[in-house]
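*Asks:* this one's structure only:
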């Protein structure tokens, strides 16, 4: 796992450092849509939190949504 | 309340644990009142009211906490029992609630483009003690077009079972790496990599094949490593409508691989009401130690009973709404600071003999709902 994470981090940093200018696709005055609920990655955060646990208990896999968790024996 | 049933309630209690998304959003300065409900045809029921408070202490520091009460009832497969002796009451196997109170506390440092959070979680109940520490760092860059995030959590839990387990310890470590990027004024994308590691007694102590005397209890390997790779894409279809598409691939060293697809459509139907609908599909393969229940013998060292260790698929549909108070209504509140968030989802699994064995139904069908009232200071 450590090598995998290290590779991902290095690729990420290299990519971002090399093309920082190209990553500015949206100017500050063009960000009005991203302030709207429907454009958020988690418009209903309460539902996202609850269903993350439901699915991790009802299914055999987890992860893929950023968030802390722990203190439970569900998996 | 029989100890076996108490232990199985952990299957559903854990859905109530706090999870704090780590994305590019700034920390909140506000409160949320939440009420969550879960019920399924396997006689599992959860009612969970909770309160979240995130308070801005200074220009850069925020203190957050969650507290709630989880009321859970569940049923499990019981070994055939002899009729109660005359004068002895038979224990009721359903309808009794067990309770626990989880608490979490965290501190957030937020300045310019950097956000750092650290905190802890603790919960206690008769059969399980949960403890975890977590930390996260988010950096916004490229004029807020890009956000990098890393989060780490480690739990140090203990079973308090009524039978001898190989170990009472259980720990889980989760490492998430995320990168979000704005692609255009109407599109954005989020990549997430998750590394999961679990150690200790990882099966449910109550999962068993009860036809044997003594029962054959579920026993999984004591270590598990998994990786998840996910991508989420959001696009504005037209001014009031957005589409969210999500895909996740997961695999672990127990042989389980899964694919998850989630599609959500949101639409503003008025300046104060947004509605949404979702469809989710999930499928997985089975663990390497999963086999037909009637082929296990007492000499097997690894035993899978729960259907989650077997191949199956599930479908979920749901509706969502976010409602803001219209101007003039409750005029003492700023309408931009109050939101009522509602959701209702129904899921159903494919049929599986292990579901039939554990829950006396060929497929699990359940419903979960959330009601949240968010208020920003």
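*Replies:* Good, I have the coordinates. Source: prediction; values computed, not measured.
*Asks:* Residue A:38 should be in a helix, yeah?
*Replies:* Yes. According to DSSP: H, G, I helix; E, B strand; the rest coil, the state of residue A:38 is that of a helix.
*Asks:* which residue sits closest to it, ignoring its sequence neighbours?
*Replies:* residue B:266 (3.7 Å; Cβ to Cβ, 6 or more residues apart in numbering or on different chains). All C-beta spots, glycine's among them, are computed from the backbone N, C-alpha and C.
*Asks:* Grab the nearest non-local neighbour of residue B:246.
*Replies:* Closest to residue B:246 by Cβ to Cβ, 6+ apart is residue B:262, at 4.1 Å.
*Asks:* what about that neighbour, which helix or strand?
*Replies:* strand B:257-270 (DSSP states H and E).
*Asks:* other SSEs contacting whichever helix or strand comes after that strand?
*Replies:* Later in the chain than strand B:257-270, the nearest helix or strand by DSSP H and E is strand B:273-284. Strand B:273-284 is packed against strand B:257-270, strand B:312-323, with contacts defined by 3 or more Cβ pairs under 8 Å, 6 or more residues apart in numbering or on different chains; DSSP states H and E.
*Asks:* Dump these to a markdown table, plus mean pLDDT and mean neighbour count.
*Replies:* Output for those, formatted as a markdown table (pLDDT from 0 to 100; neighbours: other Cβ atoms under 10 Å in any protein chain shown):
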| stretch | mean pLDDT | mean neighbour count |
| --- | --- | --- |
| strand B:257-270 | 98 | 17 |
| strand B:312-323 | 97 | 18 |
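*Asks:* In a markdown table, list those strands along with distance to residue B:149.
*Replies:* Below are these laid out as a markdown table (distance: least, Cβ to Cβ, whole Å):
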| stretch | distance to residue B:149 |
| --- | --- |
| strand B:257-270 | 20 |
| strand B:312-323 | 24 |
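*Asks:* Tell me which of the ones you listed approaches residue B:48 most closely.
*Replies:* strand B:312-323 (17.7 Å; Cβ to Cβ).
*Asks:* Tell me if that closest one is near chain A.
*Replies:* Yes. Counting by Cβ under 8 Å from any Cβ of the partner chain, chain A is contacted by strand B:312-323 at B:314, B:320, B:322.
*Asks:* That strand pairs with which strands, and in what direction?
*Replies:* Strand B:312-323 sits in its sheet next to strand B:273-284 (antiparallel), strand B:338-349 (antiparallel), going by DSSP bridges.
*Asks:* Please list the outside residues in contact with that strand.
*Replies:* Contact with strand B:312-323 is made by A:37, A:43-44, A:47, A:58-59, B:264, B:266, B:272-284, B:339-350, B:352, as judged by Cβ atoms under 8 Å, 6 or more residues apart in numbering or on different chains.
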